[in-house]
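Enquirer: Prediction below, plus the sequence it came from.
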Amino acid sequence: MVKFYILQDNHIVIKTLQAVEANIDKSSIVWVDLFSPSADELKLIAQHYCVEFPTSNEREEIEMSSRYWEDHNSITINAYFFIAFFFVQTTKKPYNETVTFIVQDNILFTLRYAELKTFDEMEKRILARAKEFMNCLDIMIQIFDIRVDADADILEYATKEINNLRQSLFSENDKFSDDILRKIATAQEFNLRIQETVLDKRRIVTALQKSNKISVSLKEELIVISKDINSLIEFTNINQNSLDNIQNLFLGQVNIEQNKIIKIFTVASVALMPPTLIASVYGMNFHFIPELNWHFGYLYSIGLMLTSAAIPLGYFRKRGWL
């Protein structure tokens, strides 16, 4: 789907690719949003507006020169947008979807292959307050502002879940649950992905602040966005430290539980060694064993074995091992 946001009489109207006339005044177009376009649609836009869209491989490269580049005529940005499935039981994992922004000839082109609420929110704001978004750069920076707010909400949710995870770790019912380690790994993956996306936005916002294509007023907005991003990065670092601490606590609890089990087997082994020795002695096949024909020999050997087992058990109890 391709949407054109066109300025008409101080209002912005939305038209699809099929509804846009071939001879439409390009200066009236402020934003072209390409959502999962077909190959033909992408080729048509690229040819008609002389725009060079990055390939799928170029959009996923992690070098800064591939995430942001600028020339005398355009700005091209590949930005991560976090797709979260939260902590529900699902086979889907959170990931970062790359969205391409191209500013050229006073038109913003966005290329994306995922449905994002950020763009729906941006559309509502444009239709409600068109006079505030008559410049393509205003729209692009506003999209980043909306997205940073959304990332903040996601991070708040993640922080609450991490705190709940810590509480469940000390719960009597879930203390040694096999599910705890899976939850820790899921939270770590979740926090890592959101940390990745906010770091990516910081690099982009920093580069935009240095651009001579950005007005002073917009750079002031970018300063505010940059401060918000830095606060999010601090929160992701705090969450990562919390998760490392939770993981260490969990592993420590597992080690303590294993040590208790090993101690039980050790005590049992030591306690059974003397009775085993006594049983082995009286199980020898020698003919001349003094107690062999003794009427109380059986009871004597049983009592001796019980006594030899009780002595180490009493010693361990006195030392506090039991």
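Expert: Thanks, I have it. Residues are numbered from 1 along each chain as shown.
Enquirer: What residues does Val270 make contact with?
Expert: 312, 316 (CB atoms under 8 Å, 6 or more residues apart in numbering). (C-beta placed from N, C-alpha, C; glycine too.)
Enquirer: Need the phi and psi values for it.
Expert: Val270 has phi and psi values of phi -70, psi -40 when expressed as degrees, to the nearest 10.
Enquirer: For Ile6, see how far away it is.
Expert: 86 Å (CB to CB, to the nearest Å).
Enquirer: remind me which residues of this protein are low pLDDT?
Expert: For the chain, residues meeting the criterion pLDDT under 70 lie at 18-23, 64-65, 85-92, 171-178, 321-322.
Enquirer: where do the strands sit along it?
Expert: Using DSSP state E, the strands assigned to the chain run over residues 2-8, 11-16, 29-35, 68-70, 74-83, 95-104, 107-112.
Enquirer: Let me have those strands in TSV, extended by distance to Met134 and mean neighbour count.
Expert: Formatted as TSV, these follow (distance: least, CB to CB, whole Å; neighbours: other CB atoms under 10 Å):
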stretch	distance to Met134	mean neighbour count
strand 2-8	6	19
strand 11-16	8	15
strand 29-35	7	21
strand 68-70	22	17
strand 74-83	18	21
strand 95-104	14	19
strand 107-112	12	22
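Enquirer: closest to Glu132 out of these?
Expert: For the strands of the chain, proximity to Glu132 was assessed by CB to CB; strand 11-16 is nearest, at 10.3 Å.
Enquirer: so what does that closest one touch, helix or strand wise?
Expert: For strand 11-16, the elements it packs on are strand 2-8, helix 117-128, judged by 3 or more CB pairs under 8 Å, 6 or more residues apart in numbering; DSSP states H and E.
Enquirer: ok so, going back, among the strands of the chain, which comes closest to Asp151?
Expert: Across the strands of the chain, closest to Asp151 is strand 74-83 (CB to CB), at 6.2 Å.
Enquirer: Mind listing the strands the closest one pairs with, and their directions?
Expert: Sheet partners assigned to strand 74-83 using DSSP bridges are listed as strand 68-70 (antiparallel), strand 95-104 (antiparallel).
Enquirer: Let me know which of those strands is the nearest to Asn255.
Expert: strand 95-104 (33.8 Å).
Enquirer: Other residues contacting that closest one?
Expert: 49-51, 53-54, 59-60, 73-83, 108-114, 116, 136-137, 140, 143, 193, 196-197, 200, 213.
Enquirer: just the CA coordinates of it, formatted as PDB?
Expert: C-alpha atoms of strand 95-104 as PDB (Å, rounded to 0.1, in the frame of the first residue of the first chain):
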ATOM      1  CA  TYR A  95      12.700  -8.000  17.000                       C
ATOM      2  CA  ASN A  96      13.800  -4.700  15.400                       C
ATOM      3  CA  GLU A  97      12.100  -3.900  12.100                       C
ATOM      4  CA  THR A  98      14.100  -1.500   9.900                       C
ATOM      5  CA  VAL A  99      12.200   1.500   8.500                       C
ATOM      6  CA  THR A 100      13.700   3.600   5.800                       C
ATOM      7  CA  PHE A 101      13.300   7.400   5.700                       C
ATOM      8  CA  ILE A 102      14.300   9.400   2.700                       C
ATOM      9  CA  VAL A 103      14.000  13.200   2.500                       C
ATOM     10  CA  GLN A 104      14.400  14.500  -1.000                       C
END
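Enquirer: got the angle for that strand vs helix 117-128?
Expert: Angle, strand 95-104 to helix 117-128, by axes from the mean of the first three to the mean of the last three CA atoms, to 10 degrees: 40 degrees.
Enquirer: now strand 95-104 and strand 29-35, what's the angle there?
Expert: Using the same axes, to 10 degrees: strand 95-104 against strand 29-35 is 150 degrees.
Enquirer: got the angle between strand 95-104 and strand 107-112?
Expert: 160 degrees.
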